[in-house]
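Undergrad: what's the 3D shape of this:
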Amino acid sequence: MKARIPHATQRGFSLVVALIFLAILSILAVAVFHSVNNELRIVANAQSRQESLYAAQLTIEETIGATDFFKNPDGVANKSFEVDMNGDGVADYVAKVVPRPTCYRAKNIQASELPAAPRGGTAADPYAPCRAEQKQGSTFVESEAAVASASPESCANSDWDIGAQVTDAASQTRVAVHQGVSVVIFGNEVANYCGTE
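TA: Below you'll find the predicted structure:
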């Protein structure tokens, strides 16, 4: 003959089992919440880092496009650029040109190394200050003095390092980007900012 468990004991046991399952489910829900929250932070930080990289790269491109960096590197250093990522009119990132643009190499351009000048005068000639002035003769072109008071010996191909830094106040993401660029420099720009080879 089987012993019967009283109904009151059965109800108490069911309650304990239900409470244990409720506790387990609560722990799982909290763990899932923390996991999702951490993953959202990771994604937000990755997005912030990518946007910071973009802001720094945009700052470098703006600096290179302005061409002031090799005429006045000290004036460009620490210049700030505000970048609005979401188009709401408020700057999301502030990037700075840090450190000062640096010329790390310059090689004098010899007259024989100059590319041919553009014909017809429609295209700009970046090497114009390096070329000797030309005068038209009856059947030939003669070479005279250099143009723009820069001697051909003072023209150089120069290599520059330009850097930008961005710090995102919200996520404390800090990004530094460096890019090299080559430009032709003339006259006292060679002597003032670059050592020549």
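
Undergrad: Phi, psi for residue 168 please.
TA: Here is the backbone geometry of residue 168 (degrees, to the nearest 10): phi -90, psi 120.

Undergrad: Could you find the closest non-adjacent residue to it?
TA: Nearest residue to residue 168, sequence neighbours excluded (CB to CB, 6 or more residues apart in numbering): residue 48, at 5.2 Å. (Each C-beta comes from the backbone N, C-alpha and C, glycine too.)

Undergrad: check contacts around that neighbour.
TA: With contact set as CB atoms under 8 Å, 6 or more residues apart in numbering, residue 48 has these partners: 168, 170-171, 173.

Undergrad: Please spell out the ChimeraX selection for the buried subset of those residues.
TA: Buried residues within those, by 16 or more other CB atoms under 10 Å, are selected in ChimeraX with:
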select :168,171,173
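
Undergrad: between the contacts of residue 48, which is nearest residue 71?
TA: Nearest to residue 71 out of those is residue 168 (CB to CB; 31.3 Å).

Undergrad: Look up how far residue 68 lies from residue 108.
TA: Note on residue 108: its distance to residue 68, by CB to CB, to the nearest Å, is 23 Å.

Undergrad: before we move on, back to that, same list (the contacts of residue 48) but as CSV, adding pLDDT.
TA: Formatted as CSV, the contacts of residue 48 follow (pLDDT from 0 to 100):
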residue, pLDDT
168, 78
170, 73
171, 72
173, 77
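
Undergrad: farthest pair in the contacts of residue 48?
TA: Farthest-apart pair in those is 170 and 173; separation 8.4 Å (CB to CB).

Undergrad: In this structure, what residue spans correspond to strands?
TA: For the chain, the strands defined by DSSP state E cover 80-83, 93-96, 102-108, 132-136, 141-146, 156-167, 174-185.

Undergrad: Output those as a markdown table; include the columns mean neighbour count.
TA: Putting those into a markdown table (neighbours: other CB atoms under 10 Å) gives the following:
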| stretch | mean neighbour count |
| --- | --- |
| strand 80-83 | 15 |
| strand 93-96 | 21 |
| strand 102-108 | 17 |
| strand 132-136 | 11 |
| strand 141-146 | 11 |
| strand 156-167 | 21 |
| strand 174-185 | 16 |
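
Undergrad: With respect to residue 15, which of those strands lies nearest?
TA: Counting by CB to CB, and looking across all of the strands of the chain, nearest comes strand 174-185 at 55.0 Å.

Undergrad: and the angle for the longest helix along the chain with strand 156-167?
TA: Counting residues, the longest helix found in the chain (DSSP state H) is helix 7-66. Helix 7-66 runs at 150 degrees relative to strand 156-167, counting by axes from the mean of the first three to the mean of the last three CA atoms, to 10 degrees.

Undergrad: Done for today, thanks.
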